[in-house]
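Chemist: structure for the following, please:
(one chain, ligands or ions: 1)
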Amino acid sequence: RDATWGFVGLGQMGYPMARNLRVKAPANDTLVIFDVNKDATKRFVDELGVTSGNVVVAGGLEEVVDRSGTILTMLPEPRHVKSAFNSFLNASSSPAGKEQKLFIDCSTIDISTSLFVGKSVCESSLNGRFVDAPVSGGTVGAAAGTLTFMVGSEPALLPRITRLLSLMGSRVIHCGPPGAGLAGKLSNNYLLSISNIATAEAMNLGVKLGLDSKVLKDLINVSSGRCWSSEINNPVDTAQREFKGGFGVSLMKKDLKLAIRAAEETGAKLAMGERAREVYEAVEGTEECKGRDFSVVYRWLGGDQRK
Ligand code: NAD
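Modeler: As a prediction, the model looks like this:
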């Protein structure tokens, strides 16, 4: 039987994820898309609709649910996810005996909101199933279909969701019950928020000490300071593209805030969290850094000589 996929939120991440889903899923499957930004859905149809067929632009969120067996959401913040799921509840009830609708939220949000929206679709007349599946890998991984999905789910759903998520990513890691995917994501991004600042500081320090930035980058990447920020997203490289694109500084700040709140709720002590939050707030408040990739911390530190 041909499947129907719904995809809500065609932004930096959602757009390339939905494109991979459309291109890699069987041609007869239907992809139902929706974004409050009509330009995003128009661009998608212009790019894929005619050649691949079976792309439907829904008129609203209820229609996505009415027309789809599996609904993916990739939205910025908890409030967007809450609002979308609120609208989902207005969709038609699932007739008894029909396959249960599966909701997969890939947004990075707090665990409480995720559990709340999950409960809402599972306990409503939709009789849905819900999974949190935030991602790592950024826009590059989304475009290449090599994302890592961190999944919080009841085990019975795993074969179904692994098949689907493998169309958009290369790893699907089951972290535990609902909420566990987000626990993994928030812990990972906490580490990233710190290592990004430390990389920018170390690069700035070495260059100020007279080292060539390429020599320094290469030596770090074969030494104990090596990390994703030094290797894949080194600020001396992202400076070449004026820190455009990538993972926005405001999203990093949002994820760090979510991690700090989660730590407060569980009593986990964070020694660096507050200071890092202050740094991202200051970076975002600086005109030539606002809206750039989060490695723009390097420019804020005075490391990017062209500014
Ligand atoms: P984005 O802002 O580029 O895209 C979000 C999209 O959602 C936009 O197109 C927006 O119009 C749409 N939207 C907002 N509210 C909506 C609603 N109610 N209904 C329908 N559409 C709506 O954000 P993004 O960079 O794609 O990030 C999405 C999520 O993925 C965030 O939670 C982010 O933290 C996470 N994430 C991002 C990256 C990255 O590198 N950008 C990496 C990993 C995880």
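Chemist: dump the residue contacts of Val297.
Modeler: Residues in contact with Val297, defined by Cβ atoms under 8 Å, 6 or more residues apart in numbering, are Asn196, Ile197, Ala200, Pro235, Val249, Val279, Tyr280, Val283, Cys289. C-beta here means a position set from N, CA and C on the backbone, and glycine is covered the same way.
Chemist: does it belong to a helix, a strand or coil?
Modeler: Under DSSP: H, G, I helix; E, B strand; the rest coil, Val297 falls in the helix class.
Chemist: equivalent analysis for Ile33, please.
Modeler: Under three-state DSSP, the three-state class of Ile33 is strand.
Chemist: grab the nearest non-local neighbour of it.
Modeler: Leaving aside its chain neighbours, Ile33 sits nearest to Phe7 (5.1 Å; criterion: Cβ to Cβ, 6 or more residues apart in numbering).
Chemist: confirm that that neighbour sits in a helix.
Modeler: No: counting by three-state DSSP, Phe7 is located in no helix; its state is strand.
Chemist: these two touch, right, it and Gly14?
Modeler: Yes: if you go by Cβ atoms under 8 Å, Phe7 and Gly14 touch, sitting 6.6 Å apart.
Chemist: the bottom helix or strand of this structure by mean pLDDT?
Modeler: Counting by mean pLDDT, DSSP states H and E, the weakest-scoring helix or strand in the chain turns out to be helix 50-52, with a mean of 64.
Chemist: now what about the helix or strand just after it, what contacts it?
Modeler: Where DSSP states H and E defines the elements, the next helix or strand beyond helix 50-52 is strand 55-57. Residues outside strand 55-57 that contact it (Cβ under 8 Å, 6+ apart) are Arg22, Thr30, Leu31, Val32, Ile33, Phe34, Thr41, Phe44, Val45, Leu48, Gly49, Arg67.
Chemist: count of neighbours near the third one?
Modeler: By the measure other Cβ atoms under 10 Å, the count of residues near Leu31 is 26.
Chemist: also the last one?
Modeler: Around Arg67 sit 16 other residues, with neighbours defined as other Cβ under 10 Å.
Chemist: ok, it to Gly137 distance?
Modeler: Distance of Arg67 to Gly137, given as Cβ to Cβ, to the nearest Å: 29 Å.
Chemist: again with Gly169
Modeler: With Cβ to Cβ as the criterion, Gly169 and Gly137 are 7 Å apart.
Chemist: those two: which is more packed in?
Modeler: Neighbours around Gly169 and Gly137, counted as other Cβ under 10 Å, are more numerous at Gly169. The numbers are 25 against 19.
Chemist: what's near enough to touch that one?
Modeler: Going by Cβ under 8 Å, 6+ apart, Gly169 touches Val135, Gly137, Gly141, Gly145, Thr146, Leu147, Thr148, Phe149.
Chemist: which of these fall in helices?
Modeler: Judged by DSSP state H, the subset of these located in helices is Gly141.
Chemist: which among the contacts of Gly169 count as buried?
Modeler: With neighbours counted using 16 or more other Cβ atoms under 10 Å, these contain these buried positions: Val135, Gly137, Gly141, Gly145, Leu147, Thr148, Phe149.
Chemist: ok, the residues you listed vs the ligand, which is closest?
Modeler: Val135 (5.2 Å; Cβ to the nearest ligand atom).
Chemist: residues of the stretch 151-300 of the chain that sit close to the ligand?
Modeler: Neighbours of the ligand within the stretch 151-300 of the chain, by Cβ under 6 Å from any ligand atom: Phe247, Leu251, Asp255.
Chemist: how about the residues you listed in a markdown table, adding secondary structure?
Modeler: Output for those, formatted as a markdown table (three-state DSSP):
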| residue | secondary structure |
| --- | --- |
| Phe247 | coil |
| Leu251 | helix |
| Asp255 | helix |
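Chemist: just among these, which is most surrounded?
Modeler: Neighbour-wise, these (other Cβ under 10 Å) top out at Asp255, 23 neighbours.
Chemist: which residues of the stretch 51-200 of the chain score low on pLDDT?
Modeler: Low-confidence segments of the stretch 51-200 of the chain (pLDDT under 70): 51-53, 94-98.
Chemist: which other residues reach stretch 158-167?
Modeler: Contact partners of stretch 158-167, identified using Cβ under 8 Å, 6+ apart, comprise 5, 20-21, 24-25, 70, 102, 104, 131, 133, 145, 149, 151, 153, 172, 174.
Chemist: what subset of these is buried?
Modeler: Using 16+ other Cβ under 10 Å as the burial test, the contacts of stretch 158-167 include 5, 20-21, 25, 70, 102, 104, 131, 133, 145, 149, 151, 153, 172, 174 as buried.
Chemist: so which of these are in strands?
Modeler: Counting by DSSP state E, the part of the buried ones among the contacts of stretch 158-167 found in strands is Trp5, Thr70, Leu102, Ile104, Val131, Phe149, Val151, Val172, His174.
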